[in-house]
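1. how does the following fold in three dimensions:
(chains A and B)
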Amino acid sequence: MSAIVNLRVFRNFQQFVSFRPISNYPTSLNKNAEVQNVEDDDFRALELRPNKSNNMRGNRRKTAYKKTPVHPPRSNKMPVDQDWPSVWPVARVFHPASVPLPLHQGWVEPGITPPGKFANAELMKIPNFLHLTPPAIERQCAALKKFCTEWPKELDTDEKIDHHFPIQITTSDYLHSSPTIRDARARIVTLQVKLSTLHLNSHAKDKLLRLVKERYDPITDILTIVSERCPLRKQNLDYAMYLLNVLVSESWKTEPWENEKSEADMEKYVWEGSQSQRTLQQLLERMPDKAPVLPEDIEQYSTNVTRFHNEGETTENVNTYKESVKKLLGLNA
Amino acid sequence: MMSCPNLNALVWQHLFRNARRLQSVWKSGRPIVPNGNSFSTEAKEIAIPKYIPRGPTDILEALATTVKRDPTAPHYKFHDDPYLIPASNHAKRTYALAQEAGRKAANWIKQEHAELFQHRNAEPFIQAFAPIEKLTESTPMTEDLLKNYIHTSQVANAIHVYGKLDSAAISRETRQSFLEFVAFYNEDDQLNEDLIEERWFKSGMKGKDQIRQTWKNNGLAEAVFNSMERKTAEAYCALICGMAKHGKAVGAWEYYNQMLAEGFAPNLTTYNSIFKIAGIVREDAEHQIRLIDETLRNMVHAGIKPNVRTLNSILESISRIPIYRVAREKSLQVLSDFKSIGVKPSLGSYYFLLKIFCREKGPINNILVGIVNRLEFEMPPLQDLHDVAFFAEAMRVCNYHLEDVQLAKRLHDLLCLPQNQAFIGDSYKESIYYRCFLLLLTRAEGPDALMEMYRHLVPNIYTPEQSVFEAVVKSVAECSAVQYVPELWSDAVYMDMGERESILEVLLEALASGSGPDTKAVSDKDDVDPVLATARAITVHVDNFLKVAEEKHRPTSLRWTGSMLGNLAKLFLQYGDIASANAIMIKVNTLKNQLSSFFPVATLTKFYESCIERQDSTMALMAIDYAIEMGYDESSSMAKQAREQLKLDERQQQKLNSILGSTSTTPEES
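-> Now for the predicted structure:
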C-alpha cells in the first residue's frame, strides 16, 4: 500500500489537475486596455489605418468559455503493483497515456534528448509486445492447458515422427474484418512428403521424378503437391492424396515403351554401354601391349568417369580422373 | 512392399478415427496397425490421445478469463483518451447517449434512403443490417405480412396491417397470436433491443412498488378478443396476462373469473399473473393469503407445475402485505413448499424476501447473511425480471438496515465475478448500489481502506453524488488523513463538483485538519507540498469562478464563507505561506460582513501573532481593525500587544491610537 501512497505525493501539483492552457483573462481585455491607455493622453490618436483586428470577433469576446478540466494521463494513477496483463490484454497500437514508462524514441543530434512518448509516431509505428510479458504468457498458457492433450511419448525424435507420419498437409484460414467470411485462398491444400519414405526403386524414382518435374526439391528430398483446382478444401485434399497415389502407382509400373529409353534420355551417366567404354575398348585393342591393363584400373577409370559426368567438374574429380587416365595409359613417370 | 491402392484407405482411416476436425498443419501416415504393413522394425502402436472438443469461441473465452478489471481505465464504451474520459455523471450519460445517437442516426439514414443500401455483399447475409421494408399504401396486405410483423415485433405496422385486412382473411391461429402480441405490448412499440445505452439509462426512478395502470381500456386487445366468435382458453389467457402486466388488475380478475366460470383451465403464465395481482384484488391480508392458497390448489388440480416465476409472483404479492408477522410466516412457508417440489429460488425471490423481512421501520433481520451464504455456494442463473433488483436492494439493506461491512464486501465480491456482472440491472440501480456501499464504507472503515475502495470505484465505475462525496471527505477529515485531500479535490473538479459551497467547506475542513508540514520529509526546494498546493489551487479556483460570474453578471450560489477562509488561513499559517495568508486576510477584511459564517477568532489571533513575529505592521493593524469592527473581545489585548511589541512609524502610530480611541477599553499610558 505504501507504494501506492507514495505516488500520491506528487512533486508538482499540476499532475493532478491540468487545466488547458487558457488565459482566463483573455487577451481581448489586454488589447482593449492598450487601446484605452492611449486615452490617458489628452487627445485620441487618429487611426488612419484602423487596426482591424480589434474589431474582429475573436477580440470582442469578453470572457473565455469555461473549459472542462482535462485529466492528466492515467499512467500517473497506476499503482506499481497493478495487473499489467489486464491493462494491455491484446496487441494494441502504442498508447502513451496508458503506459507508465518514460519512453523516448527517435534519432536526434547527439546530446539532445530524444522525443518523449506523447505523439511519438516512431513509437506508434513499431510493433510493441506489451501484451506478451512473461506473466501474461504464463497465464494464457495455463488457461489454454485444458484444451491440450499429451504428446505421444513414442514420438520423441524427429526421425520417428517423419517415419510414422511422413505426409504433411498445410492449409490456411483467413480472417477478415469485413462483411464476408469467405476467402478464396482457403481452399488451397499443400501436400509434402519425403521421397525416402516411399521406398521406391531406382526405376520408380526416376519415373516419378520425370512425372513430377519441378515439384521435387533434391536438397530436402521433399515432393510438394499444391492443389487449388477444386472449389472446396476437402475436394482439394482428396485430389492431392489421389495424385500421390497415382504418381506412386504409375511409377512402379513399367510401360512397354520404356524399353526405348536411349542414351539421350538417361538421367544420369552410366558406364555400361557408353561411348567412353567403347572408346576405351577400342583403345585397349589398338594399343601395343606394353603392359596388360589391370581390370581394377579400368574399373577405377570407369568410376571416375561416371563421377565426373554425374557430379560435375570439381578439382578433386578432375584430379582423380587425371590419375586414373595416367594409370590406364601407363603414363606414370 | 507397400501396396499403394491401400494407402489411401488406410490413411483416411487413421485420420478420421481420432480427429473431429482438420487442423491446419498435420501429419498423416501409417495407421495404428501393429506390424504387417509397417516398414519399421518396431511393432509399437502410436497412441494418439483423443481430440478435446471445443466450441467456436471456447479458446477466446478461456483467454478472456485471464484478464481482470483495470481500475484506471474507463468503461469499454468510452474512448481511452485523457481528453475523452467522462468523469461526472452528466458527462457519462451524454457521451454514451451521444454515441448511441450516432448509431440511431445511421439507422435512420439507412431506413430513409433504403434504395442506396440494397447491395448484398455480406456473407453470410445479416438481416438486421438490411433496411426494413417500409409499409406503404401499395404493399399488399396479406396474412403472411401480419405474421412477419408479429414475428419481428413491429407493433405499429402489425396493427396497421390488421386494420387493413378483412376479418375473414385471418386464420384463428394468427388471430390468437395477434391477440397475444397486442396484449403483451399494449399497442406500444418497445425500445429497440440494440439501443442498449438508452435502455441502460432509462429506468430512472419509477416507483416499482406501485403498479401503475397503463393498460389501454377498451383498446385493440379487447376488440380483438371480442371479435373472436368462440373464445378459447388461450385467448382468455392472453388477455388476462396482458392486463395484469400493464396494471389493470381489476379487469384481469374479472376475466379470470369469467374464464373459470366457462370451465377453461388457465395456463402457467396466467396463474403467475393472478398471483401478481392478488394483493390488489384482495385488500385484506387474510383474504389475500386464502386466495393464493386457493389458486395454488387449483393449479395442482389442473396438473400444472409451478416454476420460479410463480414463486416470485407470490412473494411479490406477499411483500405488499403490511402486517409483518403474517408476511414473514407466509413467505417462509411458500419458500419451503416450493423447495419441496424442486423449484429453486432465483435472485428475484431473494429480492422479495429482503423487502419482506428487512423493512425500514421493522425489526432488524439477518436473513441476508443466509442468502449471501447460499449465493456464494451457488448463484442461480438469470431467470426473472426482478433478479436485477436484488443487488441494489441487498446493498441498501447492508447499509441502512444491518450496517454490516463484511457482508457488504462479500456481496460486492459476488457481484464482481465476471458471470454475475449482468445482475446489476441498469444505471439507477447501479448508482443506488454503489452509493449505499460507499456510505457504509465511510462509516465503518478507516481512511486507508476507504480510499482504496474509493480509488477502485471512482470515477470509472461510479461517480458519487454530492452527499456521498461529502461523507467521504468528512470521514477523511475525522481521521486527519490530509494526504488524501489533494486527490479528493482533483476528483471533485473532474466530477463537476468544484463549485459547490458545501463540498468546498468540507474539503477545506479536511485540509485544515492536518497537523502541518512533515518536517522530516526531505524535499527539493522547488517541491510544493501537495496539501499546500491544493489550498492554493482552491483559492485560485474560487476566485476565478467568482470573477467570471461577476463579469457575466450571473448570480451564483457559491460565496466565500468565514469558515472556508478560516481554514485556508489556518493552513497557510501552518505551512508558513505568508503571502497567501496575507491575501486571505485582505479578502476577509474586504468582504467583512458579506461572509455568511464567522471567521474563527483563533485563526485571527494566530495570524496576528505571526504578524507580530515578523513585525509586519500593516497586516497587524489591519487585523486589529477587523477585530474591533467585528467586536471581538481580544481586540484590546491585541492592541496592547501591538503597542508593546510592534515597531510602528508615525502614521501607523496615529492609526493605532485612533483605533484604540474608538474602543471602549481604557488605553494604557504609553
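2. quick one: contacts of the longest helix anywhere in chain B?
-> If you go by DSSP state H, chain B has its longest helix at helix B:89-112. Contact with helix B:89-112 is made by B:75, B:77-78, B:84, B:86, B:117, B:131-132, B:134, B:194-198, B:200-201, B:427, B:431, B:463, B:465, B:495-496, as judged by CB atoms under 8 Å, 6 or more residues apart in numbering or on different chains. Every C-beta, even on glycine, is put in place using the N, C-alpha and C of the backbone.
3. redo that, cut-off 7 Å
-> Helix B:89-112 is contacted from outside by B:77, B:78, B:86, B:117, B:131, B:132, B:195, B:197, B:198, B:201, B:463, B:496, using CB atoms under 7 Å, 6 or more residues apart in numbering or on different chains.
4. all strands for the chain, in order.
-> As the question left the chain open, I've gone with chain A. A:167-171, A:189-194, A:216-217, A:222-227 (DSSP state E).
5. try chain B instead
-> Counting by DSSP E, the strands of chain B are B:25-28.
6. residue ranges with poor pLDDT in it?
-> By pLDDT under 70, the low-scoring segments of chain B are B:1-44, B:204-211, B:519-526, B:659, B:661-670.
7. could you do the stretch 101-250 of chain A as well?
-> Judged against pLDDT under 70, the stretch 101-250 of chain A has no low-scoring part.
8. quick one on the thing from earlier: rebuild the strands of chain A as TSV, extending it with mean neighbour count and distance to residue A:235.
-> Shown next, in TSV, are those (neighbours: other CB atoms under 10 Å in any protein chain shown; distance: least, CB to CB, whole Å):
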stretch	mean neighbour count	distance to residue A:235
strand A:167-171	19	12
strand A:189-194	20	9
strand A:216-217	14	24
strand A:222-227	17	9
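9. do you know which of those lies nearest residue B:235?
-> With CB to CB as the criterion, residue B:235 lies closest to strand A:167-171 of the strands of chain A, at 57.4 Å.
10. mind giving me the packing neighbours of that closest one?
-> For strand A:167-171, the packing partners by 3 or more CB pairs under 7 Å, 6 or more residues apart in numbering or on different chains; DSSP states H and E come out as strand A:189-194, strand B:25-28.
11. what are the C-alpha coordinates of that strand, in PDB please?
-> Taking C-alpha atoms only, strand A:167-171 is exported to PDB below (Å, rounded to 0.1, in the frame of the first residue of the first chain):
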ATOM      1  CA  ILE A 167       2.900 -36.800 -45.100                       C
ATOM      2  CA  GLN A 168       2.400 -33.200 -44.100                       C
ATOM      3  CA  ILE A 169      -0.600 -31.200 -45.200                       C
ATOM      4  CA  THR A 170      -0.800 -27.400 -45.000                       C
ATOM      5  CA  THR A 171      -3.900 -25.300 -45.200                       C
END
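12. which residue ranges of the stretch 451-600 of chain B form helices?
-> For the stretch 451-600 of chain B, the helices defined by DSSP state H, counting those that start in this stretch occupy B:466-478, B:485-494, B:501-512, B:530-551, B:562-575, B:578-591.
13. and the ones you listed as TSV, adding mean neighbour count and distance to chain A?
-> Output for the helices of the stretch 451-600 of chain B, formatted as TSV (neighbours: other CB atoms under 10 Å in any protein chain shown; distance: least, CB to the nearest CB, whole Å):
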stretch	mean neighbour count	distance to chain A
helix B:466-478	20	13
helix B:485-494	24	4
helix B:501-512	22	13
helix B:530-551	18	3
helix B:562-575	23	13
helix B:578-591	18	14
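14. reformat these as TSV; add distance to residue B:285.
-> Conversion of those to TSV gives the following (distance: least, CB to CB, whole Å):
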stretch	distance to residue B:285
helix B:466-478	37
helix B:485-494	49
helix B:501-512	44
helix B:530-551	57
helix B:562-575	53
helix B:578-591	62
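15. for stretch B:133-150, buried residues please.
-> By neighbour count on 16 or more other CB atoms under 10 Å in any protein chain shown, the buried set for stretch B:133-150 is B:135, B:141, B:143, B:145, B:146, B:147, B:149, B:150.
16. that older thread, pick the one among the contacts of helix B:89-112 closest to chain A.
-> residue B:496 (8.1 Å; CB to the nearest CB).
17. doesn't residue A:68 make contact with that closest one?
-> No. Shown here, residue B:496 and residue A:68 do not form a contact pair, counting by CB atoms under 7 Å, at 8.1 Å.
18. rewinding a little: out of the helices of the stretch 451-600 of chain B, which is closest to residue A:172?
-> Ranking these by proximity to residue A:172 (CB to CB) places helix B:485-494 first, at 49.2 Å.
19. I'd like to check the angle between the closest one and helix B:466-478, please.
-> Put simply, helix B:485-494 runs at 170 degrees to helix B:466-478, going by axes from the mean of the first three to the mean of the last three CA atoms, to 10 degrees.
20. now for helix B:485-494, which elements pack on it?
-> With contacts taken as 3+ CB pairs under 7 Å, 6+ apart, helix B:485-494 sits against helix B:466-478, helix B:501-512, helix B:530-551.
21. just give me the neighbour total for residue 221.
-> By default, I'm working from chain A. 12 (other CB atoms under 10 Å in any protein chain shown).
22. sorry, I should have been clearer: chain B.
-> Residue B:221, neighbours per other CB under 10 Å, totals 25.
23. OK, contacts around it?
-> Each residue near residue B:221 by CB under 7 Å, 6+ apart is listed here: B:179, B:182, B:183, B:239, B:242.
24. residue B:642 touches residue B:619, doesn't it?
-> No. Using CB under 7 Å as the test, residue B:642 is too far from residue B:619 to be in contact (11.2 Å).
25. higher neighbour count, these two?
-> residue B:642 (23 against 20).
26. so what's the more buried one up against?
-> Residue B:642 neighbours (CB under 7 Å, 6+ apart): B:620, B:624, B:656.
27. for residue B:398, same thing?
-> So residue B:398 contacts B:368, B:404, B:407, B:408, B:411, B:436, B:440 (CB under 7 Å, 6+ apart).
28. if I look at it, how far off is residue B:120?
-> Residue B:398 sits 54 Å away from residue B:120, going by CB to CB, to the nearest Å.
29. again, but for residue B:293
-> According to CB to CB, residue B:293 and residue B:120 sit 59 Å apart.
30. number of nearby residues for whichever residue of the stretch 251-400 of chain B sits closest to chain A?
-> Across the stretch 251-400 of chain B, no residue is closer to chain A than residue B:379, which sits at 21.5 Å (CB to the nearest CB). Residue B:379 sits with 15 neighbouring residues when counted by other CB under 10 Å.
31. wait, doesn't it sit right on residue B:422?
-> No. The criterion here is CB under 7 Å, and residue B:379 misses it with residue B:422 at 11.3 Å.
32. next up, the contacts around the residue lying closest to residue A:120 once chain neighbours are set aside.
-> Using CB to CB, 6 or more residues apart in numbering or on different chains and skipping the chain neighbours, the partner closest in space to residue A:120 is residue A:105 (5.8 Å). Residues near residue A:105 by CB under 7 Å, 6+ apart: A:114, A:115, A:120, A:122, A:123.
33. and with 6 Å instead?
-> Neighbour list for residue A:105: A:120, A:122, A:123 [criterion: CB atoms under 6 Å, 6 or more residues apart in numbering or on different chains].
34. just give me the neighbour total for the closest residue to residue B:379 other than its chain neighbours.
-> Nearest residue to residue B:379, sequence neighbours excluded (CB to CB, 6+ apart): residue B:420, at 6.2 Å. Around residue B:420 there are 16 other residues, counting by other CB under 10 Å.
35. residue B:420 and chain A: what is the separation?
-> 18 Å (CB to the nearest CB, to the nearest Å).
36. burial measure for residue 104, as a count.
-> Unless you meant another one, I'm taking chain A. Neighbour number of residue A:104 under other CB under 10 Å is 14.
37. wait, I meant chain B there
-> 15.
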